[in-house]
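Novice: generate coordinates for the sequence data below:
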Amino acid sequence: MHHAKSLFIIILMQMLLIAISVSASDSVEPYSYEAFQPITPLDTTTQMLSSDTQVPTDVTVGTDYVLFGTVGKVSADGLRVHAEGANMYALVGVQGFQIGYARQEYDVTIHGPTGDTGFTHSADVVRVKWVPDNRIVRMPWNGQIALGGMMYFGQSSGADVDFTQPYAALAFEYGRARANIGVNWITGDLPEETGMFASLQYAVNPELVIYADYSEYDFHKLILNNVILPGAGIDCTACADDALSVGLAFKLGDVGYINAGAYDVDDLGSPMGSLSFRKQY
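Specialist: Alright, predicted model coming up:
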């Protein structure tokens with residue numbers, strides 16, 4: 001999947017250049033992404049998206065859903081594993097800091113030659129993020145830095161599987177476009193790996209943002225390949241851990257947000273969606 005990563009980065013840069021040229025011709029002032037989407041940090045509407053550099057001062061509650069479909073199979077044994085999952089989450093942001101909690105619930109079905117068996121996989125996810133004030137670290141194009149991480153607490157085959165994925169991100173805005181790139185790494189009970197992620201967001205209007213997102217070590221794929229599938233009896237150490245996702249997020253009234261798209265389009269091709277409510281204070 002490294003070819004997909006290189007292709008996405010090239011497309012990302014091309015889209016950013018196009019967005020910049022379009023924004024420059026608009027009547028909107030430059031550096032005006034916030035004027036279009038002031039409180040829509042896309043990475044908090046689902047756990048699939050790369051870590052963004054926005055921390056609104058608010059409280060968010062919501063849920064998301066992914067129909068993963070077939071996540072693993074062993075053709076020789078006639079074995080296939082199907083999964084779908086949801087997150088129920090809450091986040092609080094204040095003065096550049098954000099902390100959140102998500103409860104993951106996955107329904108897993110093993111289709112075998114002798115019939116189907118199913119089980120539910122549950123886990124807890126804690127996420128933290130810090131975005132330094134851009135008056136402290138000044139960068140061009142309204143640039144911002146974000147530091148944070150996601151901590152996973154689950155089980156596989158009766159044994160605890162805990163890991164953390166810290167990250168460092170850098171984002172730039174120009175007109176209606178926001179480009180985000182960063183690096184994350186894995187510590188804990190999973191093999192230690194370091195990867196990159198990138199995303200592009202474009203505000204079509206004050207209520208709608210479209211995005212493309214790539215992560216070399218995607219958080220959901222790590223869980224599927226290293227926790228869910230081993231628990232179902234499938235060795236997935238050679239499975240791809242990256243994911244390329246696309247979608248859109250739009251406002252629903254004054255406090256509601258909907259996110260809809262396709263997760264991991266070049267592998268699982270899973271429909272995903274979320275509904276969240278945010279209250280500023």
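Novice: endpoints of stretch 69-87, how far apart?
Specialist: Separation of the first and last residues of stretch 69-87 by C-alpha to C-alpha, to the nearest Å is 17 Å.
Novice: what does it contact?
Specialist: Here stretch 69-87 makes contact (C-beta atoms under 8 Å, 6 or more residues apart in numbering) with 46-47, 63-68, 102-113, 121, 125, 224-225, 228-229, 232-234, 236, 239, 268-270. All C-beta atoms are positioned from the backbone trio N, CA, C, and that covers glycine.
Novice: in helices, which of those residues fall?
Specialist: Leu229 (DSSP state H).
Novice: buried among the contacts of stretch 69-87? Make that a ChimeraX selection.
Specialist: The following ChimeraX command selects only the buried members of these, with burial defined by 16 or more other C-beta atoms under 10 Å:
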select :46,47,63,64,66,68,102,104,106,108,110,121,125,224,225,228,229,232,234,236,239,268,270
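Novice: how about the strands in the stretch 151-281 of the chain?
Specialist: All strands of the stretch 151-281 of the chain, identified by DSSP state E, counting those that start in this stretch, fall at 159-174, 177-185, 187-188, 194-205, 208-215, 243-252, 256-263, 270-280.
Novice: which of the ones you listed sits closest to Tyr89?
Specialist: Each of the strands of the stretch 151-281 of the chain was checked against Tyr89 via C-beta to C-beta, and the shortest separation belongs to strand 270-280, namely 8.1 Å.
Novice: which neighbouring elements make contact with that closest one?
Specialist: Using 3 or more C-beta pairs under 8 Å, 6 or more residues apart in numbering; DSSP states H and E as the contact criterion, the secondary-structure elements in contact with strand 270-280 are strand 58-74, strand 243-252, strand 256-263.
Novice: buried residues, that strand. List them.
Specialist: Along strand 270-280, these residues count as buried under the neighbour rule (16+ other C-beta under 10 Å): Ser270, Met272, Gly273, Ser274, Leu275, Ser276, Arg278.
Novice: just how off-centre is that strand within its chain?
Specialist: Between the centre of strand 270-280 and the centre of its host chain there is 12 Å, according to C-alpha atoms, centre = their mean, to the nearest Å.
Novice: I'd like the average pLDDT over that strand.
Specialist: Strand 270-280 shows a mean pLDDT of 87 in the predicted model.
Novice: same check, this time on stretch 110-119
Specialist: Predicted confidence along stretch 110-119 averages 90 (mean pLDDT).
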